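J.: Turn this into a structure:
(chains A, B, C and D)
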4 protein chains.
Amino acid sequence: MKKIGVFTSGGDSPGMNACIRAVVRAAVHKGIDVYGIMRGYRGMIKGEIIRLESNSVSNIIQKGGTILRSARSKEFMTKEGRREAYEQLQKFGIEGLVAIGGDGTFTGANIFFEEYGIPTVGAPGTIDNDLYGTDYTIGYDTAVNTALDAIDKIRDTADSHDRVFFVEVMGRDSGYIAMPCAIGGGAEIVMIPETETSIQSVVDTLRLGWDRSKTSFIVIVAEGDEEGNATEIAAQVQKALPYMDARVTILGHVQRGGAPTAADRMLASQLGIACVDGLQEGRKGVMAGIMNSELVYTPFIETITKQKIINPYYAEMVNILSV
Amino acid sequence: MKKIGVFTSGGDSPGMNACIRAVVRAAVHKGIDVYGIMRGYRGMIKGEIIRLESNSVSNIIQKGGTILRSARSKEFMTKEGRREAYEQLQKFGIEGLVAIGGDGTFTGANIFFEEYGIPTVGAPGTIDNDLYGTDYTIGYDTAVNTALDAIDKIRDTADSHDRVFFVEVMGRDSGYIAMPCAIGGGAEIVMIPETETSIQSVVDTLRLGWDRSKTSFIVIVAEGDEEGNATEIAAQVQKALPYMDARVTILGHVQRGGAPTAADRMLASQLGIACVDGLQEGRKGVMAGIMNSELVYTPFIETITKQKIINPYYAEMVNILSV
Amino acid sequence: MKKIGVFTSGGDSPGMNACIRAVVRAAVHKGIDVYGIMRGYRGMIKGEIIRLESNSVSNIIQKGGTILRSARSKEFMTKEGRREAYEQLQKFGIEGLVAIGGDGTFTGANIFFEEYGIPTVGAPGTIDNDLYGTDYTIGYDTAVNTALDAIDKIRDTADSHDRVFFVEVMGRDSGYIAMPCAIGGGAEIVMIPETETSIQSVVDTLRLGWDRSKTSFIVIVAEGDEEGNATEIAAQVQKALPYMDARVTILGHVQRGGAPTAADRMLASQLGIACVDGLQEGRKGVMAGIMNSELVYTPFIETITKQKIINPYYAEMVNILSV
Amino acid sequence: MKKIGVFTSGGDSPGMNACIRAVVRAAVHKGIDVYGIMRGYRGMIKGEIIRLESNSVSNIIQKGGTILRSARSKEFMTKEGRREAYEQLQKFGIEGLVAIGGDGTFTGANIFFEEYGIPTVGAPGTIDNDLYGTDYTIGYDTAVNTALDAIDKIRDTADSHDRVFFVEVMGRDSGYIAMPCAIGGGAEIVMIPETETSIQSVVDTLRLGWDRSKTSFIVIVAEGDEEGNATEIAAQVQKALPYMDARVTILGHVQRGGAPTAADRMLASQLGIACVDGLQEGRKGVMAGIMNSELVYTPFIETITKQKIINPYYAEMVNILSV
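T.: Take a look at the predicted model:
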């Protein structure tokens, strides 16, 4: 393999740049030419493809976002779009691809690989951590730390007043971010999509605490919780407990940015190198990941379809620790 | 003066602890006994009053929140409540008060002082910066830096996608926090209570930028803006510009917490000492502040009634810099 | 088991408080009384022992340092000292101990356990990560992130000038902190106790880069490197390469402080609970740790004598990535 | 004026990028062409000059360092060097200059202006804050906050042990950084070039505290203190007080990096605009600054020769607050 392309796609995550850097440096180290494909599949279709040298990725390891930018592409979901993309890659002589992103990215990569057979290895770049085939995704550790830092600041003030704070964190389908935020943030309650927590039970827990003269509470809400978003939940709780003062924080995209943590840089660097190694070893249609400290390659189809389950013990930890 | 009391009241702000520490240490330095009154006027009425020594305030200068806690008190708004408060102070032999808080705090302090004549000097502890009599209030610099840090993280991701981010910052009545966030955060638009910015003009500015192929935008919204809160404004803009993707972040009480910045610690320390100095010099019914690098004492009534106006040049700066 | 004691000993590490909190809350949850032993073995000997309730550990999860304080004790190294310690524990009716610390702590705990048979379970609280029996120690992740944050700031300026920066990080006997700092910090060279890197080879690498017109370099030095500390190494390099400007940063104890990261809070919480569970299950003379996501208990003697080896692949990563 | 050049020179400081951005955007806003001169006077001599557009400075406001890089130039100290520089400027048609830097920068700018009369306006970009003509220099607030953050972390551990920490901060000629670090960091002692503090008096203060059972101390040392650097001072104190454990942290260039604070971004933005305004109004040979909230222009010669004196009250504050 003489020429490879690398791109980022889907929602960006801290550490994507560190991963791009590792891909480029590992390729240079092996004497492989690397091309950066801008804006994911959108730029692939349009041929927005640039040569990357070792110094193209200098001083980016600590930067949030992605220098290759990211976008969602409707065209790539069509056969015509993918044909155009393939032709562009042919034009540049690109023989292999490194795809950095989440399940949407790998769904696209999988179809593309099945249709055109172009060897592709993926790296899990998403803050959501909900991909099978790796213990942690690139950006997850940073997102959790960012949210936790905000929760710490809220606790400063929670400690001074008589209030219930509802903090909405990312997690459309999972409580991966919410759970360590609840444990690490010393929250009393956590509401995640995976488990049902009724408004009534939230109200009961708060009332019980209040009666024991506990004066402030933090409730972590994953954005995809079945009871609604933090604003909606807070409104209902406020109604049931009018003597408490409910306040809402929605962190939103703040969680996607920032300098990646050490763990995310290490993971991004290891997996970036592993993607290039994988391509060279002839792997295709797989995602590189770390499971139990071991490098593993998992077929795209499994990363998308198999479910990764959050440690059920964490819910018990929240209970034990908020005693 | 042999015995003084110190309390924090209203919404807490980073630097209140640094100010309490300075009050205590300055008093000890002068041989004055200090008492901490817990939970503001509420604790004053209930006699929740404790002796503070020099080491009671060790290792708190960097802490958010307030070790004396804070609360709002309806009782203190009644004549009976204030009488009880006065009697409690008498009981402890407290001859002077240091009140750390915002306009609500000083409104109460002013009435109390007028009724009972107990010498009171205030320090401006509020993140809102909307008090006349000081260039900056304690906690303002920290709150702005906290918000800016969040905006930086959003910009990481804004830079990678095609989006409009609406970030709601504190400021019920003023744009003091919103304005430096907009300038320092490189925002395209800022919406504050002091000036009218119609949804239509926001839409126009965004469309203009979009047409010039600018791909991401940040709009800072002070919570008290006349067009509504960030969620409401974003919904309207999204409707007018369906091809853009509008996202909302509400920082909320995150802005009240965190370790105070250097500037807030310096200000809190200076004003804490100045409060004790002021009491000893016989000042009463005034707030200590720094204006143009000079220590000044302003009557409570002026701090509440006179208006502090945000530098009108800042709005022009936003325009020049987002060119 | 009805009464247990908990203490921290040796150099403190971020997350010790989170661990103490978990021990206390887990004990309360099980109906076990908990006592805090101040200043490690020193306070054990002197009987500085206090009752801890659930709310004794409120709002400490995010705090650096240890509320139980820490100290080194020469007396405990004597038979008499340990006898006094044992008698104090007897006096309080303490039937089991949770020891949070590093190898010094466990060496003491091991002897004490062998002499008096008092059931003891340890949690690895040290930034050094050099304990066998756990993949990570409590505080390690925080220390690395703190150092990395400093290196990022240096890189800002390194990027603007023609300089060689020597950054000394902790690690008397190991490169555990230095290695991820080098990889995550994008350093060109890393010097650790485990491997020999001569001054000459450092000079050669720098000269080679300089000749290729690379204009700034970062060298990470573990304090225990065989070539000396950062100041000494920098002086020698400066002499060999007079046209470069060598600058030194020594982070020192900065790395021991700060709010623990999410990972450290999770680890501290899990292991704190595991210590109490372990005591209740009848375990003794062991340290709780997490290896490959599994909770394991390792005899003290093994944690002290068995060697944990840093992933040799990391050194190769530094080479590949600084290409 | 139709074409101006902008450059950064000397030691870099956080906020230089924000200032460059403001210069460029203000110029674009006025219809003036802007050129970036790389590496200060060195690039001016070599003609390393590039056109800057509005989007050349997108997303740099929050970045440490300087996109124009910085260097020191021996050639510019010669008549020949300055002639070459002038010729390069002529070649590009540059009619005015914005110089961002410290006293070395303005010394050069002053000579150059006197020799060739090219209108030059400066902005104070240095972390040292020792320039006459502005209350604060760009980068100073950030540097102090960075140092303070490190000191906070040391205090976490100081609070747990029996130690004396010596923290060396920048300040070759002044205590501008050391002083707020001491006050805001709750240090017991501060050693700055402006005032003499003998080793003996340090030892006495520490011994006194120790005798009163104070168990940990922080001493802030400005690098240019007359008693030596922190390592030297610590060694002497350790010798005099062998029962204490003295530890040293040298922050070094960490203080030059990092995202600028809100205050530094505001200052940089205001002064960047003011430099362009100044040139257009016909000002030359002056530095823009803010004194008592007012924009002022001070002749270069005064900024270099007049002395700015640190508030003498600060030393008293350290005493009062460490009571």
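
J.: name the helices or strands packed onto the helix or strand hosting A:Gly5?
T.: Element membership for A:Gly5 (DSSP states H and E) is strand A:3-8. Packed against strand A:3-8 by the contact rule (3 or more CB pairs under 8 Å, 6 or more residues apart in numbering or on different chains; DSSP states H and E) you find helix A:16-30, strand A:33-37, helix A:40-46, helix A:79-92, strand A:96-101. For the C-beta atoms, the positions are set from N, CA and C on the backbone; glycine is no exception.

J.: and that strand with strand A:33-37, angle?
T.: 30 degrees (axes from the mean of the first three to the mean of the last three CA atoms, to 10 degrees).

J.: mean confidence for strand A:3-8?
T.: Summarised as a single mean, pLDDT over strand A:3-8 is 98.

J.: which neighbours does that strand have in its sheet, and in what orientation?
T.: Here strand A:3-8 has these sheet partners by DSSP bridges: strand A:33-37 (parallel), strand A:96-101 (parallel).

J.: now the longest one against helix A:79-92, angle please.
T.: So that's strand A:96-101. Going by the same axes, to 10 degrees, strand A:96-101 makes 130 degrees with helix A:79-92.

J.: So which bits of the stretch 1-150 of chain A are right by chain C?
T.: Residues of the stretch 1-150 of chain A lying close to chain C (CB under 8 Å from any CB of the partner chain) are A:18, A:21-22, A:25-26, A:28-29, A:54, A:59, A:61-62, A:135, A:141, A:144-145, A:148-149.

J.: again, only using 10 Å
T.: Counting by CB under 10 Å from any CB of the partner chain, the stretch 1-150 of chain A comes close to chain C at A:18, A:21-22, A:24-30, A:54-55, A:57-63, A:135-136, A:140-149.

J.: show me what contacts the residue of the stretch 1-150 of chain A found nearest chain B?
T.: Closest to chain B within the stretch 1-150 of chain A is A:Gly64: 3.2 Å, counting by CB to the nearest CB. Shown in contact with A:Gly64 (CB atoms under 10 Å, 6 or more residues apart in numbering or on different chains): A:12-17, A:139, A:142, A:146, A:256-260, B:152-157, B:159-160.

J.: circling back to that earlier point, export the helices and strands packed on strand A:3-8 to a markdown table and tack on mean neighbour count and mean pLDDT?
T.: Listed next are the helices and strands packed on strand A:3-8 as a markdown table, based on neighbours: other CB atoms under 10 Å in any protein chain shown; pLDDT from 0 to 100:
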| stretch | mean neighbour count | mean pLDDT |
| --- | --- | --- |
| helix A:16-30 | 27 | 98 |
| strand A:33-37 | 23 | 98 |
| helix A:40-46 | 24 | 97 |
| helix A:79-92 | 16 | 98 |
| strand A:96-101 | 29 | 98 |
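
J.: Could I get the ones you listed in a markdown table, plus columns for distance to B:Ile50?
T.: Shown next, in a markdown table, are the helices and strands packed on strand A:3-8 (distance: least, CB to CB, whole Å):
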| stretch | distance to B:Ile50 |
| --- | --- |
| helix A:16-30 | 51 |
| strand A:33-37 | 63 |
| helix A:40-46 | 60 |
| helix A:79-92 | 70 |
| strand A:96-101 | 56 |
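
J.: how's chain A carved up into domains?
T.: Domain assignment of chain A by automatic domain parsing yields the ranges A:3-139+A:260-305, A:142-256.

J.: Report whether the last one contacts chain D.
T.: Translated: domain A:142-256. No: contact of domain A:142-256 with chain D (CB under 10 Å from any CB) is absent, the minimum separation being 13.1 Å.

J.: just for the stretch 101-250 of chain A, where's the confidence low?
T.: Along the stretch 101-250 of chain A, segments meeting pLDDT under 70 span A:159-161.

J.: 80 instead, please
T.: By pLDDT under 80, the low-scoring segments of the stretch 101-250 of chain A are A:158-162, A:215.

J.: Run through the strands of chain A in chain order.
T.: Counting by DSSP state E, chain A has strands at residues A:3-8, A:33-37, A:49-52, A:96-101, A:120-124, A:163-169, A:189-191, A:216-222, A:245-250, A:286-291, A:294-299.

J.: Put the alpha carbons of the first one into PDB.
T.: This file holds the C-alpha atoms of strand A:3-8, laid out as PDB (Å, rounded to 0.1, in the frame of the first residue of the first chain):
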ATOM      1  CA  LYS A   3      -1.200   5.900  -0.700                       C
ATOM      2  CA  ILE A   4      -3.900   6.200   2.000                       C
ATOM      3  CA  GLY A   5      -6.500   8.700   2.800                       C
ATOM      4  CA  VAL A   6      -7.800   9.800   6.200                       C
ATOM      5  CA  PHE A   7     -11.000  11.600   7.200                       C
ATOM      6  CA  THR A   8     -13.200  12.500  10.100                       C
END
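
J.: Report the angle between it and helix A:16-30.
T.: 170 degrees.

J.: so how far is strand A:3-8 from its chain's centroid?
T.: Offset of strand A:3-8 from its chain centre (CA atoms, centre = their mean, to the nearest Å): 20 Å.

J.: from what I can see A:Arg51 touches A:Val28, true?
T.: No: counting by CB atoms under 10 Å, A:Val28 is not a contact partner of A:Arg51; they are 11.4 Å apart.

J.: Can you report how many residues lie near the residue of the stretch 101-250 of chain A found nearest chain C?
T.: For the stretch 101-250 of chain A and chain C, the shortest gap (CB to the nearest CB) falls at A:Gly184, measuring 3.7 Å. By the criterion of other CB atoms under 10 Å in any protein chain shown, A:Gly184 has 29 neighbours.

J.: So what's the residue count around the nearest residue to A:Met179 once chain neighbours are set aside?
T.: Among residues not flanking A:Met179 along the chain, A:Tyr314 sits closest, at 4.7 Å (CB to CB, 6 or more residues apart in numbering or on different chains). Residues within reach of A:Tyr314, counting by other CB under 10 Å, total 20.

J.: ok, the one residue sitting closest to the centre of chain A - contacts?
T.: Most central in chain A under CA atoms, centre = their mean is A:Ile127, positioned 1.7 Å from the mean C-alpha point. By CB under 10 Å, 6+ apart, the contact set of A:Ile127 is A:11-15, A:102, A:137-144, A:146-147, A:169-171, A:176-177, A:255-257, A:264.

J.: Ok, A:Trp210 next?
T.: For A:Trp210, the contact set (CB under 10 Å, 6+ apart) comprises A:162, A:164, A:216-217, A:241, A:243-244.

J.: With A:Ala315 instead?
T.: A:175, A:179, A:182-183, A:190, A:192, A:194-195, A:197.

J.: which of those residues count as buried?
T.: A:175, A:179, A:182-183, A:190, A:192, A:194, A:197 (16 or more other CB atoms under 10 Å in any protein chain shown).

J.: Counting neighbours, which of the contacts of A:Trp210 end up buried?
T.: Buried by 16+ other CB under 10 Å: A:162, A:164, A:216-217, A:241, A:244, out of these.

J.: quick one: A:Gly228 and A:Gln236 touch, right?
T.: Yes: the pair A:Gly228 / A:Gln236 is scored as a contact, 8.0 Å apart, by CB under 10 Å.

J.: Now for the two: what residues contact both?
T.: Shared contacts of A:Gly228 and A:Gln236, counting by CB under 10 Å, 6+ apart, come down to A:Ile199.

J.: Can I get the contacts of A:Trp210 in JSON lines including distance to B:Val203?
T.: Formatted as JSON lines, the contacts of A:Trp210 follow (distance: CB to CB, whole Å):
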{"residue": "A:Asp162", "distance to B:Val203": "41"}
{"residue": "A:Val164", "distance to B:Val203": "36"}
{"residue": "A:Ser216", "distance to B:Val203": "40"}
{"residue": "A:Phe217", "distance to B:Val203": "39"}
{"residue": "A:Leu241", "distance to B:Val203": "39"}
{"residue": "A:Tyr243", "distance to B:Val203": "41"}
{"residue": "A:Met244", "distance to B:Val203": "38"}
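
J.: tell me, which of these make contact with chain B?
T.: Checking these against chain B (CB under 10 Å from any CB), the matches are A:Asp162.

J.: nearest to chain B, of the contacts of A:Trp210?
T.: A:Asp162 (7.0 Å).
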